[in-house]
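Enquirer: Pasting a predicted model and its sequence here:
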Amino acid sequence: MEKDLRQFLEELEEFGDLVRVKKKIGDGHEIYSILWELNTKGGPAVIFENVKGYDIPIVANIFGTWDRFGMACGFSRGKTKREYRDLFIECMDKKNWKPPKLVKIGPCKEIIIKGEDIDLRKFPIFQWHPKDGGAYITLPAVITKDSKFGVNVSIYRMMLHSKDLTGIMCQIFQDIGIHFGRALKEGKKTMDCAVALGASPAIYIAAGTKIPLKDNEFEFASALQGGEPVQLVKCETVDIDVPANSEIILEGEISLVERKEEGPFGEWMGYFEEAMQLPTFKVKCITHRKNPLYLMTNVGHPFSDGEKIRMMPSIANFTRMARERVTGCVDAWLPETGFNYTAIIAIKKRYPGWGKTAIYQAFSLPFVASSANCVIIVDDDIDPSNLDEVIWSLSTRVDPAFDVILTPSIGGYALNPAASHRFYRDISTKSTDIVMCSKMGIDATLKMEGEERQRPMSIPVKPDEVILKRVQEKWKEYGF
């Protein structure tokens, strides 16, 4: 059976990995700070049961540790990050996917609200940080549909403008941006959209994963719930199918012509992004469970709940691409504190200059081309997920004058905080989809003869492998 949010919370509670906060919570600022502290300490998932002014509990931090992320994917707890990554890569194989199942009715239809009764303010949608430009929906599974590319499910921030209007992030580098652009070229003024709040954990993980545009996130989600198809139900007012077991569904239309200023917002990369002009989403219908739960996440902390949704799928995708397209790649990683802007690739180097070749190959990877600012190439004796080993490699195998490659400014993802400037397509409205930023490649491999070095190749200090293995086999004999 498909596991919904409530069943997942029950499982977390059984593991002692969920806390119910009964103390009255005053506002979103207090919640944000509590979550920040939980992120720092690797704390549990949380249900705020007593939120001032609301009778709807707020659920947060459900993906906040790698074990909880693994549980959301259907994996057993207690594995390493690399083990979780490898299991996730297996799930990305389409042979493990199943098409969703359309059902006539679902829990998300228990209450249906239309017309003047629509009011998003009945839900605890807060300004989460004092510097945010307004109240934000931070964990929406946004669903759109295109005649050529089919269904897309992704997570895009939504700022509350009024009781039935929000902003929505529609960038050219995102799949929704492609749907948006095609609808605009077809002469449409609006695009159908539905938003699931409190969907099953597997759907959020799938929505945070970059899969090919023509593939369906609902199908991928089935692989994350043991092959169980996702159950969908038809919307009331738009031609979109939504997860039947969701807590809350927002139905409506994205305007292809109207933009409103939204932001600033404390984004996932750890900085407040300046205000932008973004399309609007007009809500035409709200359906929800009786006594719904409101699921949210905080962003900006490198170990936040929201980062887990984004990071592991990014790491898995990047690893797959690097292994396929970078010659000699043995492993790859995106460090959490790099927020996807630093990429590390380990290669088995067999001839001089291979490290530089790997840099240029990495620059051509779609993820690196659009997002990463820095690519680091290390040898196969370095674990790219171990930052201590990577820093050792950077510190002892790099002569900056010879081993660093810089590119000119290249167009990239609009929320890149290191970018030198934004490119405005329409300066009057400050409508932007891209920023301009250069890229840096660092060859942190051991250098061979022929690589502009006069000194002999460095030899790392490590135990003899034969002797070390012998010692490991006798470890208990030593009394350890």
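Expert: That came through, no problem. Numbers count the residues shown, from 1 in each chain.
Enquirer: Looks like C437 contacts P417 (just checking).
Expert: No. The criterion here is C-beta atoms under 8 Å, and C437 misses it with P417 at 9.5 Å. C-beta: built from backbone N, CA, C; applies to glycine.
Enquirer: quick one, which of those two is more surrounded?
Expert: A side-by-side neighbour count of C437 and P417, using other C-beta atoms under 10 Å, places C437 first with 21 against 15.
Enquirer: G226 - nearest residue in space that isn't next to it in sequence?
Expert: Using C-beta to C-beta, 6 or more residues apart in numbering and skipping the chain neighbours, the partner closest in space to G226 is G74 (5.3 Å).
Enquirer: no wait, T166
Expert: Spatially, and ignoring its direct neighbours in sequence, T166 is nearest to M158 (4.3 Å; C-beta to C-beta, 6+ apart).
Enquirer: how about the one you found, what does it touch?
Expert: Counting by C-beta atoms under 8 Å, 6 or more residues apart in numbering, M158 touches 136-137, 140, 142, 166-169, 195, 281.
Enquirer: now P366
Expert: Counted by C-beta under 8 Å, 6+ apart, P366 has contacts M321.
Enquirer: out of the contacts of M158, who has the most neighbours?
Expert: The most crowded member of the contacts of M158, judged by other C-beta under 10 Å, is T166 (29 neighbours).
Enquirer: Assumed that one was part of a strand.
Expert: Yes. When DSSP: H, G, I helix; E, B strand; the rest coil is applied, T166 is found to be in a strand.
Enquirer: Use 47 as the first number from now on
Expert: Renumbered: residue one is now 47, and that last one reads T212.
Enquirer: Would you check that it makes contact with A181?
Expert: No. Look at T212 against A181 with C-beta under 8 Å: they stay out of range, at 9.3 Å.
Enquirer: Common neighbours of these two, please.
Expert: Common neighbours of T212 and A181 (criterion: C-beta under 8 Å, 6+ apart): 205-206.
Enquirer: all strands for the stretch 247-396 of the chain, in order.
Expert: 277-280, 287-289, 294-308, 311-312, 318-319, 322-334, 340-341, 375-379, 388-393 (DSSP state E, counting those that start in this stretch).
Enquirer: do the stretch 397-526 of the chain as well
Expert: Assigned by DSSP E, counting those that start in this stretch, the strands in the stretch 397-526 of the chain fall at 420-425, 450-452, 456-459, 467-472, 477-483, 486-489.
Enquirer: Grab the most central residue of this protein for me.
Expert: In the chain, the residue lying closest to the centroid (C-alpha atoms, centre = their mean) is R356, at 1.6 Å.
Enquirer: So which residues of the stretch 47-196 of the chain form strands?
Expert: Ranges of strands in the stretch 47-196 of the chain, per DSSP E, counting those that start in this stretch, are 64-67, 91-94, 104-106, 147-148, 157-160, 182-183, 187-192, 196-201.
Enquirer: Which of the ones you listed sits closest to E232?
Expert: When the strands of the stretch 47-196 of the chain are compared by C-beta to C-beta, strand 187-192 sits nearest E232, at 10.0 Å.
Enquirer: For that closest one, name the packing helices and strands.
Expert: Strand 187-192 sits against strand 196-201, helix 221-231, strand 236-243, helix 247-253, strand 287-289, with contacts defined as 3 or more C-beta pairs under 8 Å, 6 or more residues apart in numbering; DSSP states H and E.
Enquirer: could you give the angle of it to strand 196-201?
Expert: If you take axes from the mean of the first three to the mean of the last three C-alpha atoms, to 10 degrees, strand 187-192 sits at 160 degrees to strand 196-201.
Enquirer: average model confidence for stretch 154-169?
Expert: Confidence for stretch 154-169, expressed as mean pLDDT, is 96.
Enquirer: Can you point out the buried residues in that stretch?
Expert: Neighbour-count burial for stretch 154-169 flags 154-155, 164, 166, 169 (criterion: 16 or more other C-beta atoms under 10 Å).
Enquirer: which residues sit against it?
Expert: With contact meaning C-beta under 8 Å, 6+ apart, stretch 154-169 is reached by 100, 102, 206, 209-210, 212, 242-243, 279, 282-283, 288-296, 329-336, 340.
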